[in-house]
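Student: this is a predicted model, with the sequence first.
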Amino acid sequence: FFFFFYQLNLLDQAHQIGLLACASTVVIIAGGFDLSTGAIFAMSGVVAAFVARDLGQTEAFASSAPYIGWLAGIFVGTLCGFMNGILVTVLRINTFVATLASGIVIRGLALIITQAEQVRVSDKNFQLLARGGIGDVLNTVFIWIGFALILTFVLTRTKFGRYVFASGDNPEAARLSGINVSLIRTITFGISGFAAGMAGVLYASKFLKAQNDAGQGLELIAIASVVIGGTSITGGEGAIWRTVLGVMFLRL
């Protein structure tokens, strides 16, 4: 029983890195690199907390404010991810430069929004996303493992997954075979933004607060987990289950 409880606690502690690492695996396989996930993590948490707090003070949206806040945070994270994709594919900016620069801008916007202060949420219902669960298994564990399983299915059993591997392995050959490599890579950045947004919202939900400096360095730990799991940094090769093992190895 103690070992089982320890494993559940370990999975809960690793959910933030796990979400970012699984999404980063998809981006890297497709030949990209995302250094902005830590900043998106912070921005999404700030937006979720702000929306939940401010709407909670209005009579019309008081009961639904926590849920709207969750959705708003995830939406902003996903939007930031797609913007990264556009910078890389449409504007042809180097993936390292584009995501590093966008991360600085996004975290700067979070600083402007918060004025370097914590955004606190008083509604306890906002905490249900991260603190809720079934028995001893928290929602954070379900969300992370479910996300990993979905990405595994997408990469191994769908046409999109085959296109992701082809885009990272040999982008020119993929283009000549009719694959829209730019679109595929843009979608992978959107997936990365979604994961970072979800992780940021879970953080805000868990602690009933958000701040602009949250998630600093998370993107590097996530990428380290991907590399430890054996995903090729040059693209075209990798697996989600390996990344999960890499995350757990770092958390031990």
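Tutor: Perfect, I can see it now.

Student: now the helices for the stretch 51-200 of the chain?
Tutor: Assigned by DSSP state H, counting those that start in this stretch, the stretch 51-200 of the chain shows helices spanning 65-89, 95-114, 128-131, 139-157, 159-169, 171-176, 181-207.

Student: winner for burial among those?
Tutor: Highest mean neighbour count of the helices of the stretch 51-200 of the chain: helix 181-207, a mean of 27 (counted as mean count of other CB atoms under 10 Å). (Glycine included, C-beta is placed from N, CA and C.)

Student: show me how far that one is from its chain's centre.
Tutor: Helix 181-207 has its C-alpha centroid displaced from the chain centroid by 3 Å (CA atoms, centre = their mean, to the nearest Å).

Student: any idea how far residue 208 is from residue 9?
Tutor: Using CB to CB, to the nearest Å, residue 9 is found at 20 Å from residue 208.

Student: pretty sure residue 116 sits against residue 212.
Tutor: Yes - contact criterion CB atoms under 8 Å: residue 116 and residue 212 qualify, at 6.6 Å.

Student: neighbour count winner among these two?
Tutor: residue 212 (25 against 10; other CB atoms under 10 Å).

Student: give me every residue that touches the nearest residue to the more buried one once chain neighbours are set aside.
Tutor: Once flanking residues are discounted, residue 212 sits nearest to residue 110: 3.9 Å by CB to CB, 6 or more residues apart in numbering. Residue 110 makes contact with 39, 42, 43, 46, 212, according to CB atoms under 8 Å, 6 or more residues apart in numbering.

Student: of the residues you listed - the most surrounded one?
Tutor: Busiest of those [other CB under 10 Å] is residue 43, holding 34 neighbours.

Student: how about the nearest residue to it, chain neighbours excluded?
Tutor: Nearest to residue 43 is residue 110, by CB to CB, 6+ apart, at 4.6 Å.

Student: can you check residue 111 too?
Tutor: In space, residue 111 is closest to residue 212, 4.4 Å off (CB to CB, 6+ apart).

Student: got a pLDDT number for the closest residue to residue 160 other than its chain neighbours?
Tutor: Spatial nearest neighbour of residue 160, excluding adjacent residues (CB to CB, 6+ apart): residue 154 at 6.2 Å. Looking at residue 154, its pLDDT stands at 97.

Student: look up how far residue 133 lies from residue 154.
Tutor: 25 Å.

Student: same thing with residue 193?
Tutor: 26 Å.

Student: for the residue nearest to residue 111, what are its contacts?
Tutor: 42, 46, 107, 110, 111, 113, 114, 116.

Student: now the helix or strand the second one falls within: buried residues?
Tutor: If I follow you right, that is residue 46. In this assignment (DSSP states H and E), residue 46 forms part of helix 37-55. Across helix 37-55, burial judged by 16 or more other CB atoms under 10 Å covers 37-53, 55.

Student: and that helix, what does it pack against?
Tutor: Other helices and strands packing on helix 37-55, by 3 or more CB pairs under 8 Å, 6 or more residues apart in numbering; DSSP states H and E, are helix 15-29, helix 65-89, helix 95-114, strand 119-120, helix 181-207, strand 209-210, helix 218-228.

Student: mind checking the ones you listed for the one nearest to residue 241?
Tutor: Closest of these to residue 241 is helix 15-29, at 9.8 Å (criterion: CB to CB).

Student: about what we covered before: out of the contacts of residue 110, which comes closest to residue 32?
Tutor: residue 39 (16.4 Å).

Student: isn't that closest one up against residue 100?
Tutor: No - the criterion here is CB under 8 Å, and residue 39 misses it with residue 100 at 9.7 Å.

Student: how many residues are close by residue 25?
Tutor: Neighbour count for residue 25, taken as other CB under 10 Å: 33.

Student: so what's it closest to, chain neighbours aside?
Tutor: residue 243 (4.6 Å).

Student: doesn't residue 231 make contact with residue 28?
Tutor: Yes - Residue 28 is within contact range of residue 231, at 5.7 Å (criterion: CB under 8 Å).
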